[in-house]
Structures are given as structure tokens and as C-alpha cells.
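**Q** The sequence and its predicted three-dimensional model are supplied below.
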Amino acid sequence: MRQHLATQYEEEESEINITPMLDVVFIMLIFFIVTATFVKEAGIEVNRPDAATAVKQEKANILVAIGPNNDIWIDRRQIDIRSVRPNIERLHAENPQGSVVIQADKDSKTDTLIQVMDAARQAGVFNVSIAANEP
């Protein structure tokens, strides 16, 4: 009888309990999801002009793209020029330290670029940059 109880006890101890390991992995997954920073894209690929004085912009969280046909994209959505200001106000409220970077295509009109810059300044964001490629 004792021998039978001893083998049953050894069989129970030989199993590995993975519940604590799963708890640790789950907590690490939550940690990485919470601390991850997500890159916001404007929504279209823009052929930017070259500039000799191009500088990399840090903390550029509000990206506005102007396509070759003067269509405006924010957060992967094509928007009208009249709704640029409310969208920038909303994104600026989410991250007040962020700046606006306008990615204007080479073939877009300057008038559209000026209207987007004015809308950003009317939204209260005065740190506005225009994206360019380094030659």
C-alpha cells in the first residue's frame, strides 16, 4: 500500500505546472502593448521634393499628406479642405507636444499647401513643417 501511494505521489510531482509561466507571459504582453508607440501615417505615398537643408523632425505626430491631385489625407482618410482644422484640433488635443508635418507632393499646388498650413495655425498648432527628401 505504501509503495502504491509513493508512486502516485511521484507521478503527481513529475507534472510541470505552466500556469505561472502563462501569467508572466500574459503580463509581459500587456506591458508591451501599453508601452508601444504607434506610428500614424497620412494615408498615401507622396513624392516629396528634395531640399539641401532637410532635417529629421522628432515628435511629428500629426501627418497631413497632399497628393498630386491636391487631395488631402489625414489618418488614412481623404478629407476636404474645410475639415482639416477640426481634424488637426482633435489630433493636437490627443498629443499637445506633437507638431504638424505636411507631406506635399511635387505636383500639388502651393495654394493647397498654404490652406493646410493656415488651417493648422488656426487649430492652434504653430510648429508646422513641410516634409522633403534629403538629396
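**A** Now that the structure is in, tell me what you want to look at.
**Q** Now the longest helix seen in the chain: average pLDDT?
**A** Using DSSP state H, we find that the single longest helix of the chain is helix 19-35. Helix 19-35 shows a mean pLDDT of 86.
**Q** And whichever helix or strand comes after it, what does it pack against?
**A** Later in the chain than helix 19-35, the nearest helix or strand by DSSP states H and E is strand 62-66. Strand 62-66 sits against strand 72-74, helix 84-94, strand 100-104, helix 110-122, with contacts defined as 3 or more C-beta pairs under 8 Å, 6 or more residues apart in numbering; DSSP states H and E. Every residue, glycine included, has its C-beta placed from N, CA and C.
**Q** Tell me where this protein is predicted with low confidence.
**A** 1-14, 37-60, 134-135 (pLDDT under 70).
**Q** So it: which segments form each domain?
**A** Annotated domains of the chain cover 2-35, 62-130 [automatic domain parsing].
**Q** Return the distance of the longest one from the chain's centre.
**A** Pointing back at domain 62-130 there. Taking C-alpha atoms, centre = their mean, to the nearest Å, one finds the center of domain 62-130 at 15 Å from the center of the full chain.
**Q** Would you convert the helices and strands packed on strand 62-66 into a markdown table that also reports mean neighbour count and distance to N17?
**A** Listed next are these as a markdown table, based on neighbours: other C-beta atoms under 10 Å; distance: least, C-beta to C-beta, whole Å:
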| stretch | mean neighbour count | distance to N17 |
| --- | --- | --- |
| strand 72-74 | 23 | 50 |
| helix 84-94 | 17 | 43 |
| strand 100-104 | 23 | 51 |
| helix 110-122 | 17 | 57 |
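**Q** quick one: which of these is nearest N133?
**A** Nearest to N133 among the helices and strands packed on strand 62-66 is strand 100-104 (10.5 Å), distances taken as C-beta to C-beta.
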